[in-house]
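1. Let me see the structure of the following:
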Amino acid sequence: MAKQKLRPKIVKLCKVVGGLTGVVNKIDENAPEYYALASILTDEEADVAIAAGLRKERPLEYLVKKTGMPEKKVKELADHLAWIGVFRVTTNPVTKKDQYFMQIFAPGIMEMLVNNQELLKTHPEVGRAFEEYTRIRMANMSPMMPNGYGLMRVVPVESAIQDIPKAHDYDKLSYYINKYEKFSVSPCSCRASRRTLNDGCGHLEEDMCIQMGKGAEHYIRTGRAREISRDEVYEILKRAEDNGLMHDMPNIEEAGESAAICNCCACSCFGLRIGLMYGARDMIRSNYVAKIDETKCVACGQCVENCPGNALKLGQKLCTSEPITPPEYRKMRDSLWTKKDWNPDYRENREDVAETGTAPCKTACPAHIAVQGYLRLAAEGRYRDALALIKKENPFPAVCGRICNHRCEEECTRGNVDEAVAIDEVKRFIADHDLNAETRYIPPMVNQIGKPYPQKIAVIGAGPAGLSCAFYLAEKGYSPVVFDKAKRPGGMLMNGIPSFRLEKDVVEAEIDILKEMGVEFRCGVEVGKDVTISSLREEGFQGFYLAIGAQGGRRIHVPGEDAKGVVSGIEFIKEVNLGSGTKLSGKTVVVGGGNVAVDVARTAIRVGSGNVEMYCLESPGEMPAAADEVEEAEKEGITVHHSWGPKEILVKDGKAAGIVFKKCTAVFDENRRFAPQYDEDDTITVECENILLSVGQSIEWGALLDGTKVELNKNGTVKADPLTYQTGEPDIFAGGDVYSGPKFAIDAIAAGKEAAISLHRYVQPGQTLTMGRDRRNYRALDKSSALVPLDCFDADKRQIPGYNAAKAKSFGDTRTTFTEEQVRKETARCLGCGATKVDGYLCVGCGLCTTKCEFDAIKLEMRTDMKPVQAGTFETIPIKVAGHVVKKVGKIAVKNGKKLRK
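-> Next up is the predicted model:
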């Protein structure tokens, strides 16, 4: 394409709108302000805009006189400039006539161009220009700007400063809202710009930017926004805070004046980027800073995950043998700042945890549940709040309170003193409130628009991964449809775990909550057979989550395996759970040493087998089954034989009559890879009538993937991105056992939540799957250097759940839930390892953290007393900034001189 000739009038207009900096900026065809205006303005429109000048209210008569054009012509051009977004048009309160005002590029014209949805659709380059302008032009300006002089400024959540006596009116949103009578709401221009670039962060644009006074009048008149009431303004602000969005305002007028309130996310906002990418925190910050009361903080992480500036990190509360000092780093305010000091990857490299680590329990949990937090809430008797906190990461606490492999307890610091806190037992007590319809916790829908999203999403598989994904999609405002070939939802929770470990009314109660949230279940439908992914697309489904689990057994590949009486352990439990009336008689041998094998053996006892023995490859120390479950099996009379592998199944008249085992001399090779070695001459023969094979699980894909581009690994699991779970087919995501191979329910639950995040982003136009996404990289504190407080030795011993002997060897759960007194004693044993740490320099004082804390542990304090643009306007900024630059250079010179003298 031939290079377009530079248009002088557009260049001149760019210089006028750019103000003092516009004079020095190079304007060519690649300048974002140039190509944005050149693509949409005529030369005549440029003449009218130039005549108006910068930031002056101009009546039509003035523009006619300056341009020399006919009034009718000027009126048409000026109104079109207002529609485009170069002018703001309002009614003069005295003359009752239209007046026109030309704002700076940003905040100002760029936002109005992007907020013109019709214009943005036909000229998407406008969205690109907005992103480039705020990135390129702000890069040069940011090192020079002092606190209080940014073109946008953070305004704190008002509830965070309402008790601060010295808080000024201009720091309170209510001051502005009560000052004006007209309000409107429009899409967020930054997010709209990101969307046009396919660079969105998952925070959507609809109903986010609020205009007031003249700004509202202009936006309503030109079709950019809808008019709203004052009450609706407050509703939108509250909804923004609920969704982790902070408040920002233009900062180019006198103190107490503003035309807009932005509800911003750090991952898309161009105003906040000045602080986060370029390091100019002083340029955007409010007058306040967050302070942590560590005596109240429980490191739940809610403030950390919602902090726009990544100023909060999870650290530790326990003292250490070596003092912990925060790492030093360069700051813009006292350093010569260059491009090498920028953080261009700020949307992808945020960290939730301090370098020295945080509470081991939260770190070890695959879902990173706020263990310390819900223990504190339970200690205070705030059980519903505790349930709500757990469900931020795990929708099925009642299930997990019974079957979780509690890695949190394995890493609990208390275990270094005596015994780990009985975390799962406390969770079970809390979660049992979910079993009662009157006390259960159903989370509210939380999204930015306050109404459901219309996009259709299919979840294929109703096990823990699929149910978790559906839960978090429903919480976000979707109405997902869950398909499962079984007659009832629950997957392995219902069919693969015996009732004596997980009673089915517990699963059903937590699934009922999903139904109340709007999740639809289509059971008895096998995708790939009864319907296909292709046919579901035709029904309007835009995203798919594959979560069918690993519900098949594995073969052992020995002679006689196909004989009658040889059954997959998984299939055996499934048949029993489905109420098929399965009975066993005679002796039963279970092959395998994992938790499922133990479940199979204990189930065999309950359906009539009088003699049950387990044979596994592993030694007692290597056996993968949980020690407490093996102990329970042995109490029921089950014998476990170690270091034996199957060699042959003996068959008589087509039926299993026994099994030959060979001695296993090693299970793993020198790299700890599974590579069993045997002594073929050392064998034993065990006569039996039933053989139940529990040596692993397999994924039964059927025809589910036919016609798709989804690829499988050699072991049958899906190839998918480890962060987003997206497969080779863009609209298909996968998780749980089909991605990881057989794991635990909590692993699948964690994967399901991440899939819900990806699916939300995928079905919304212009969103990336990764930008602004929390990687949740956790690391635990060093327990070996932690100094345990002496008073912890005065606490009670670990509480033990009761035992219901009446349910012994039945399909009822013999374990009883803690009493309230036991919960009180057990929660008192928590050492409170973790606490949030705040970096005061990185904190921009938005106060969002205070809205997320359930423990009153974080507050805002006044740090500075800066007025917006220091009681000036845009026109006064250059003069005042010049003085600041001189002072800053002088301070840096003195600082460097002192270093040299040292």
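2. For stretch 380-393, give the mean pLDDT please.
-> Stretch 380-393 comes out with an average pLDDT of 98.
3. Run through the residues that contact the nearest residue to Thr864 once chain neighbours are set aside.
-> Taking CB to CB, 6 or more residues apart in numbering as the measure, Thr864 lies nearest to Asn287, with 4.9 Å between them; neighbours along the chain are not counted. Where you see a C-beta, it was placed from the backbone N, CA and C, and this is true even at glycine. The contact partners of Asn287, taken as CB atoms under 8 Å, 6 or more residues apart in numbering, are 168, 171, 845, 862-866.
4. same check, this time on Tyr441
-> Applying CB under 8 Å, 6+ apart to Tyr441 gives the contacts 384, 387-388, 391, 433-434.
5. So it: helix, strand or coil?
-> When the structure is reduced to helix, strand and coil (DSSP: H, G, I helix; E, B strand; the rest coil), Tyr441 reads as coil.
6. what's the spacing between it and Gly528?
-> Note on Tyr441: its distance to Gly528, by CB to CB, to the nearest Å, is 36 Å.
7. Would you double-check that Gly315 falls in a strand?
-> Yes: Gly315 sits within a strand when classified using three-state DSSP.
8. Would you confirm that it contacts Thr836?
-> Yes: Gly315 lies in contact with Thr836 (CB atoms under 8 Å); the separation is 6.9 Å.
9. so what sits against both of these two?
-> Ala299.
10. For the residue nearest the centre of the chain, give me its contacts.
-> With distances taken as CA atoms, centre = their mean, the chain has Asp774 as the residue nearest its mean C-alpha position (5.8 Å). Asp774 makes contact with 305, 350, 352 under the criterion CB under 8 Å, 6+ apart.
11. repeat that for 10 Å
-> For Asp774, the contacting residues are 267, 301, 304-306, 350-352, 368, 754, 757, taking CB atoms under 10 Å, 6 or more residues apart in numbering as the criterion.
12. what does Ile570 give?
-> Going by CB under 10 Å, 6+ apart, the list of residues near Ile570 reads 492, 495-496, 550-554, 596, 599-600, 692-694, 696-698, 742.
13. does it sit in a helix, a strand or a coil?
-> The local conformation at Ile570, judged by three-state DSSP, is helix.
14. which SS state does the residue nearest to the centre of the chain fall under?
-> Under the three-state scheme (three-state DSSP), the conformation of Asp774 reads as coil.
15. now His557
-> Local secondary structure at His557 is given as coil here, using three-state DSSP.
16. still on that earlier bit, PyMOL command for the buried members of the contacts of Asp774?
-> With 16 or more other CB atoms under 10 Å as the criterion, this PyMOL line picks the buried residues out of the contacts of Asp774:
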select buried, resi 267+301+304+305+306+350+352+368+754+757
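17. Give the buried residues for the host helix or strand of Val154.
-> Remark: Val154 resides in strand 152-155, with elements defined by DSSP states H and E. When neighbours are counted by 16+ other CB under 10 Å, the buried residues of strand 152-155 are found to be 152-155.
18. Ok, stretch 797-807 next?
-> Neighbour counts over stretch 797-807 (16+ other CB under 10 Å) mark 798-799, 801 as buried.
19. Check stretch 74-84 too.
-> Applying a neighbour-count criterion of 16+ other CB under 10 Å, one finds 74-75, 77-84 buried in stretch 74-84.
20. Dump the residues you listed to TSV, plus pLDDT.
-> Converted to TSV, those look like this (pLDDT from 0 to 100):
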residue	pLDDT
Val74	98
Lys75	98
Leu77	99
Ala78	98
Asp79	98
His80	98
Leu81	99
Ala82	98
Trp83	98
Ile84	98
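21. So which of those residues belong to helices?
-> In helices, defined here by DSSP state H, the members of the buried residues of stretch 74-84 are 74-75, 77-84.
22. so who does the spatially closest residue to Gly213 that is not a sequence neighbour touch?
-> In space, Gly213 comes closest to Tyr180 once its chain neighbours are excluded; the distance is 4.3 Å by CB to CB, 6+ apart. Taking CB under 10 Å, 6+ apart as the contact definition, Tyr180 lies against 211-216, 230, 233, 258-259.
23. which of the residues you listed are buried?
-> With neighbours counted by 16+ other CB under 10 Å, the contacts of Tyr180 contain buried members at 211-216, 233, 258-259.
24. Sort these by pLDDT and name the bottom one.
-> Looking at these by pLDDT, the weakest one is Ser258, with 82.
25. Against Ile164, how distant is it?
-> For Ser258, the distance to Ile164 equals 21 Å [CB to CB].
26. Over to Val612. Which of the three states is it?
-> Using three-state DSSP, the three-state assignment for Val612 comes out as strand.
27. what's near enough to touch it?
-> Neighbours of Val612 in contact, by CB under 10 Å, 6+ apart: 584, 587-590, 600-606, 633, 636-639, 688, 690, 692.
28. Show me the beta-bridge partners of Phe674.
-> Taking DSSP bridges as the rule, Phe674 bridges to Phe668.
29. what do you get for the one 5 residues further on?
-> Listed by DSSP bridges, the beta-bridge partners for Asp679 are Lys663.
30. Isn't it up against Lys663?
-> Yes: judged on CB atoms under 10 Å, Asp679 makes contact with Lys663 at a distance of 4.3 Å.
31. Need the outlier residue of this structure, farthest from its centre.
-> No residue in the chain sits farther from the centre than Asp653, which is 58.8 Å out by CA atoms, centre = their mean.
32. got a list of what that residue touches?
-> Contact analysis of Asp653 by CB under 10 Å, 6+ apart lists 563-564.
33. separation between it and Lys583?
-> In this view, Asp653 and Lys583 are 20 Å apart by CB to CB.
34. Now do stretch 190-199: distance to the chain's middle.
-> 20 Å (CA atoms, centre = their mean, to the nearest Å).
35. Next, the buried residues of that stretch.
-> When burial is assessed from 16+ other CB under 10 Å, stretch 190-199 yields the following buried residues: 190-196, 199.
36. three-state assignment of Val304?
-> helix.
37. let's number from 504 now, not from 1
-> Sure, I'll start numbering at 504, so the last one becomes Val807.
38. Thought Val801 was touching it, still the case?
-> No: taking contacts as CB under 10 Å, Val807 lies outside contact range of Val801: 12.0 Å.
39. Show me whatever sits in contact with both of those two.
-> Shared contacts of Val807 and Val801, counting by CB under 10 Å, 6+ apart, come down to Thr1339.
40. now, which of the buried residues of stretch 693-702 lie within helices?
-> Counted as lying in helices by DSSP H, out of the buried residues of stretch 693-702, are 693-699.
41. quick check, nearest of these to Gly521?
-> Relative to Gly521, the closest of those is Ser696; by CB to CB it sits at 19.1 Å.
42. Now do the contacts for that closest one.
-> Ser696 makes contact with 613-614, 616-617, 623, 627, 629-637, 702-703, 708, 771, 773, 1269 under the criterion CB under 10 Å, 6+ apart.
43. State the distance from it to Glu635.
-> When CB to CB is the yardstick, Ser696 and Glu635 sit 10 Å from each other.
44. Common neighbours of the two, please.
-> What both Ser696 and Glu635 touch, as defined by CB under 10 Å, 6+ apart, is the set 613, 773.
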